[in-house]
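Trainee: When you get a sec, could you give me coordinates for this:
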Amino acid sequence: MNPLVRRFLRTAIGFLFAGLGLGAWMLVRRELAGQYPTPRLISAHTHVILIGFVMMMILGVALWMFPRPEREDVRYRPFLAEAAYWLLTGATGARFVGEVLPPKPPGSLQGWIVVLAGIGQVVGLTIFFYNLLPRIRSARKPE
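Mentor: Below you'll find the model as predicted:
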């Protein structure tokens, strides 16, 4: 298994546990203290599970299982898959932390970090799938 694939899968598991921890904390607060989660906590939980765990797991498995690019195909660039990993990981982590911290006034540095991290998630996923397109083909050449 490619080291980048392992990194995607292990990072996905890390994000899963961050989401499970936050979910358990929100559940305890709601059921034992009557404190319902804020929209920011719900957003942090949703994004760390759906983007951090589900999408990272899908991306890692896609890199692993899709046919390798043909030798003469120069459209697939491994460095773009690597860049997508770092951008998506950093953006998801920043968004999670930014939304879990106590909120600051609108327009604050924290707000900008959350917004830029959300945009980073979109850009990271776009780069990944753009780069993966040449690998979406049959594994065998037609006879």
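
Trainee: Could you count how many residues lie near residue 28?
Mentor: Residues lying near residue 28 (other Cβ atoms under 10 Å) number 11. C-betas here are computed from N, CA, C, even on glycine.

Trainee: How far away from the center of its chain is the helix or strand containing it?
Mentor: Using DSSP states H and E, residue 28 sits within helix 3-33. On the basis of Cα atoms, centre = their mean, to the nearest Å, helix 3-33 sits 12 Å off its chain's mean C-alpha point.

Trainee: helix or strand right after it?
Mentor: helix 39-47.

Trainee: Sketch out the low-pLDDT regions of this structure for me.
Mentor: Along the chain, the parts satisfying pLDDT under 70 run over 138-143.

Trainee: What separation is there between residue 42 and residue 19?
Mentor: In this view, residue 42 and residue 19 are 12 Å apart by Cβ to Cβ, to the nearest Å.

Trainee: between the two, which one's more packed in?
Mentor: residue 19 (21 against 14).

Trainee: Pretty sure that one sits against residue 43.
Mentor: No: checked against Cβ atoms under 8 Å, the pair residue 19 and residue 43 is beyond contact range at 11.9 Å.

Trainee: ok so, going back, tell me the angle of the helix holding residue 28 relative to helix 39-47?
Mentor: Orientation note: helix 3-33 sits at an angle of 140 degrees relative to helix 39-47 (axes from the mean of the first three to the mean of the last three Cα atoms, to 10 degrees).
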